[in-house]
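> sequence plus predicted model, see below.
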Amino acid sequence: MANIINSPSNIFPKGHTICHINMNGIKSKFIEPEELLTTNQVAVMCISESKLYERDPFSYFHVNNYTMYRSDRNRCGGGTLLYVNKSFKFSVLDVPKHLLHHHELEITAIRIKYKGIKPVTVISVYNPPSHSKIKFVESLSAVLRHLFSTSHEIIILGDVNIDIMKNDASTFKLFEMKKEFGLHQLIKGA
């Protein structure tokens, strides 16, 4: 199921949306994101758990009017994929590997520019359920500190695999991070 957010007018032009899908493997399910992209005004679509490998051709997942950027895990699933509407200029941001706690955090970050709006950073994240949730939040916080030095408009989309209904250390850390960076959760339920 896709989480679709109508973008505030001060971030993307009116009518454009951003969305996230956890695909748990895109190869056999490509029709879903392709349909969403071709029937909606999507500025950016982030996909987690793409489960693609370097040998999987880019051409299999091409969607007209969109530029695709992939970050494949190349072992046991995972991976992130982004589609950016070609009417937006974007650049892939360097996320220093030393901030990722030995790759506990799967992340792709881009900076989008569009005439008349200030640049916005879109971050796609995936935290596998078997990985440390505390280390995930610590890594994401370190990445945000790095990125906030160059951008003040940041949107994070993805699958963090933290149950915010539980009152535990990882949830506490996540809420501390949200407070530190002034982040607001837009999706309230599944």
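Cool, got the structure.

> leaving out the residues flanking it, which one is nearest to residue 154?
residue 121 (4.6 Å; Cβ to Cβ, 6 or more residues apart in numbering). For the C-beta atoms, the positions are set from N, CA and C on the backbone; glycine is no exception.

> test my guess that that neighbour contacts residue 111.
Yes. The criterion here is Cβ atoms under 8 Å, and residue 121 meets it with residue 111 at 5.3 Å.

> helices of the protein, start to end?
Applying DSSP state H to the chain gives helices spanning 31-39, 133-148, 169-181.

> so what touches the longest one?
The set of residues external to helix 133-148 that reach it, using Cβ atoms under 8 Å, 6 or more residues apart in numbering, is 93, 95-96, 99-101, 104-105, 107, 109, 121, 123, 125, 127, 154, 156, 160-162, 169-170, 173-174, 177, 180-181.

> repeat that for the first one.
For helix 31-39, the external contacting residues (Cβ under 8 Å, 6+ apart) are 2, 4, 19, 21, 23, 26, 42, 45, 47, 63-64, 66, 83.

> and the residues you listed, which is closest to residue 12?
residue 42 (9.8 Å; Cβ to Cβ).

> next one: that closest one from residue 87, what distance?
Residue 42 is 11 Å from residue 87, where distance means Cβ to Cβ, to the nearest Å.

> please identify which of these two sits among more neighbours.
Neighbour totals were compared for residue 42 and residue 87, and residue 42 leads with 24 against 13 (other Cβ atoms under 10 Å).

> find the nearest non-adjacent residue to the more buried one, please.
residue 17 (5.4 Å).

> so the one you found touches residue 40, yeah?
Yes. Contact criterion Cβ under 8 Å: residue 17 and residue 40 qualify, at 6.1 Å.

> show me the contacts for the residue nearest to residue 66 when sequence neighbours are not counted.
Leaving aside its chain neighbours, residue 66 sits nearest to residue 83 (4.4 Å; criterion: Cβ to Cβ, 6+ apart). Residues in contact with residue 83 (Cβ under 8 Å, 6+ apart) are 33, 37, 42, 44, 45, 47, 63, 66, 67, 68.
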